[in-house]
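Trainee: after the sequence you'll find the predicted model.
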Amino acid sequence: MNNLESFPPHFRNLSHHQPPSPAPEDGGNPTKYLESLPIIDLENLSNDKNKVEEACKNWGLFRLVNHGIPSSLLSQLHEQTKQVFFLSYESKHASCDGSNVNYFCGSTALTPSGTTIPTERHNTNFFEGFGIPSDQLSKFHPQLPDLESFRVLLVEYEKHMSRIATTLFERFVKNLELEMEESKYNLEDKTGLFRVYRYLHCSDPDGGLGLAVHTDSSVLTILNQEDEVSGLEVLRDHQWLTVKPISNTLIVNIGDLMQAISDDKYKSALHRVKVDKHKDRVSIAYFMYSGEGVKVESSKYRSFTANQYLAQVQQDIETIGHKIGLSRFKRNEDN
Ligand SMILES: O=C(O)CCC(=O)C(=O)O
Ligand SMILES: [Fe+2]
């Protein structure tokens with residue numbers, strides 16, 4: 001993956017094409033991997049109650065195995081994702097015009113539907129991507145054959161995402177002994193959003209991040225990272241540690257909405273993406289939100305809907321430059 005035409009214009013003159021510079025301060029250190037990330041077996045969720053609880057409470061993320069997605073679908077998806085990003089910047093940009101699918105680049109500040117909110121130049125992040133609400137997958141018919149083939153694969157993949165997200169959420173609800181009908185969060189509704197990324201390599205990885213430090217605003221996120229290039233990091237004991245990509249496994253993040261639903265028992269984990277010095281990296285994130293109009297009820301926070309939460313996050317990013325998150329909705333002492 002190295003064709004200049006495919007890079008967004010403002011990335012073309014950056015340090016991409018210079019040879020890797022000598023290692024700055026920490027740059028010479030080998031990647032520090034997170035060794036002890038909990039591994040959860042989707043087929044065995046009910047027997048692994050304690051493991052799931054431990055992962056959600058103390059980690060906010062886990063590796064999911066036995067998820068039932070054919071490995072052929074995962075590898076096709078990775079290949080097709082790379083193909084799509086190989087397309088020229090102009091055609092990627094133009095292909096989304098007039099649809100609810102968004103092409104974005106350079107900013108972590110994204111609206112709920114994935115459009116870029118401009119940020120200051122020094123906050124530019126080395127990525128480009130597509131934001132695709134899952135209910136738009138059947139309506140979006142791009143002219144570009146590569147993008148259309150990708151869309152067809154995503155339709156198939158979305159069925160798995162929806163199944164896995166629902167299964168996990170139902171398990172969380174049971175484990176937390178929440179008194180609510182499972183239908184309350186409208187899990188049958190399409191509340192998924194895909195963000196498909198390409199992080200551009202940079203010979204000076206200290207020059208910028210792939211994606212700045214954040215927690216996800218979702219109920220939960222299912223991340224599919226390609227097998228070869230790592231980049232996802234989580235903060236553990238004050239250290240940023242890399243989550244190793246392992247074939248046929250997925251990474252699940254607890255999102256802010258789930259943290260609120262669980263009355264802060266579960267934690268949304270802080271994470272970020274570092275760029276690689278030599279290779280571009282692709283990943284596919286699926287965010288599950290609670291259904292439209294459904295209120296997240298919690299003893300710790302004022303009730304709010306997913307859309308209200310996302311609108312607040314967006315407003316904070318636009319006005320003060322970063323996300324405040326759940327503390328915006330903390331109940332006052334006198335409530
Ligand atoms: O690409 C990744 O590894 C992480 C993406 C992510 O954290 C996000 O989209 O919120
Ligand atoms: Fe994230």
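Mentor: Good, I have the coordinates. Since this is a predicted model, take the numbers as computed values, not measurements. Ligands and ions are numbered 1, 2, ... in the order given.
Trainee: when you work out contacts or count neighbours from here on, use the C-alpha atoms and nothing else.
Mentor: Noted.
Trainee: which residues are in contact with residue 158?
Mentor: By C-alpha atoms under 8 Å, 6 or more residues apart in numbering, the residues touching residue 158 are residue 134.
Trainee: the residue in the stretch 101-250 of the chain that ligand 1 sits nearest to: neighbour count?
Mentor: As assessed by C-alpha to the nearest ligand atom, ligand 1 sits closest to residue 232 within the stretch 101-250 of the chain, at 4.5 Å. Residue 232 is flanked by 21 other residues according to other C-alpha atoms under 10 Å.
Trainee: thinking it is in contact with residue 240, fair?
Mentor: No. With contact defined as C-alpha atoms under 8 Å, residue 232 and residue 240 do not form a contacting pair (9.5 Å).
Trainee: would you confirm that residue 251 contacts residue 59?
Mentor: No. Residue 251 sits out of contact with residue 59 when judged by C-alpha under 8 Å, with a separation of 12.0 Å.
Trainee: do you know the pLDDT at the residue of the stretch 101-250 of the chain closest to ligand 1?
Mentor: You'll see residue 232 listed with a pLDDT of 96.
Trainee: now for it: which residues touch it?
Mentor: The neighbours of residue 232, taking C-alpha under 8 Å, 6+ apart as the test, are 242-244, 271-274.
Trainee: ditto for residue 225
Mentor: Counting by C-alpha under 8 Å, 6+ apart, residue 225 makes contact with 245, 250, 282-284.
Trainee: show me which residues of the stretch 201-335 of the chain sit near ligand 1.
Mentor: Residues of the stretch 201-335 of the chain lying close to ligand 1 (C-alpha under 6 Å from any ligand atom) are 216, 232, 273, 283, 285.
Trainee: for these, which two are the farthest from each other?
Mentor: 216 and 283 (15.2 Å; C-alpha to C-alpha).
Trainee: more neighbours: which of the two?
Mentor: Neighbours were counted for residue 216 and for residue 283 using other C-alpha under 10 Å; residue 283 has more, 23 against 20.
Trainee: what sits closest to the more buried one if chain neighbours are left out?
Mentor: Closest residue in space to residue 283, ignoring its immediate chain neighbours: residue 225 at 4.5 Å, by C-alpha to C-alpha, 6 or more residues apart in numbering.
Trainee: strands of the stretch 151-300 of the chain, residue ranges please.
Mentor: According to DSSP state E, counting those that start in this stretch, the stretch 151-300 of the chain carries its strands in the segments 192-199, 211-214, 220-225, 232-236, 239-242, 250-254, 271-273, 281-288, 295-296.
Trainee: with distance to residue 155 added, can I get those in TSV?
Mentor: Putting the strands of the stretch 151-300 of the chain into TSV (distance: least, C-alpha to C-alpha, whole Å) gives the following:
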stretch	distance to residue 155
strand 192-199	11
strand 211-214	26
strand 220-225	15
strand 232-236	25
strand 239-242	30
strand 250-254	18
strand 271-273	26
strand 281-288	12
strand 295-296	28
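Trainee: closest one to residue 35 among these?
Mentor: Proximity to residue 35 (C-alpha to C-alpha) singles out strand 239-242 among the strands of the stretch 151-300 of the chain, at 8.8 Å.
Trainee: only alpha carbons, please: show that closest one as PDB.
Mentor: Extracted in PDB, the C-alpha atoms of strand 239-242 (Å, rounded to 0.1, in the frame of the first residue of the first chain):
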ATOM      1  CA  GLN A 239       1.700   2.300  30.600                       C
ATOM      2  CA  TRP A 240       0.500   2.200  27.000                       C
ATOM      3  CA  LEU A 241       0.500  -1.400  25.900                       C
ATOM      4  CA  THR A 242      -0.100  -2.800  22.400                       C
END
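Trainee: for that strand, packing partners?
Mentor: With contacts defined as 3 or more C-alpha pairs under 8 Å, 6 or more residues apart in numbering; DSSP states H and E, the packing partners of strand 239-242 are strand 232-236.
Trainee: give the buried residues for stretch 66-83.
Mentor: By 16 or more other C-alpha atoms under 10 Å, the buried positions in stretch 66-83 come out as 67, 69, 74, 77-78, 80-82.
Trainee: tell me if that stretch is near ligand 1.
Mentor: No. Using C-alpha under 6 Å from any ligand atom, stretch 66-83 never reaches ligand 1; the gap is at least 12.8 Å.
Trainee: so what touches that stretch?
Mentor: Contacts for stretch 66-83 (C-alpha under 8 Å, 6+ apart): 1, 41-43, 146, 149-150, 153-154, 157, 160, 164, 196, 198, 226, 248-249, 282-283.
Trainee: buried ones among those residues?
Mentor: Taking 16+ other C-alpha under 10 Å as the criterion, what is buried in the contacts of stretch 66-83 is 41-42, 146, 150, 153-154, 157, 160, 164, 196, 198, 226, 248-249, 282-283.
Trainee: hey, what's residue 286 bridged with?
Mentor: Beta-bridge partners for residue 286, by DSSP bridges, are residue 194, residue 222.
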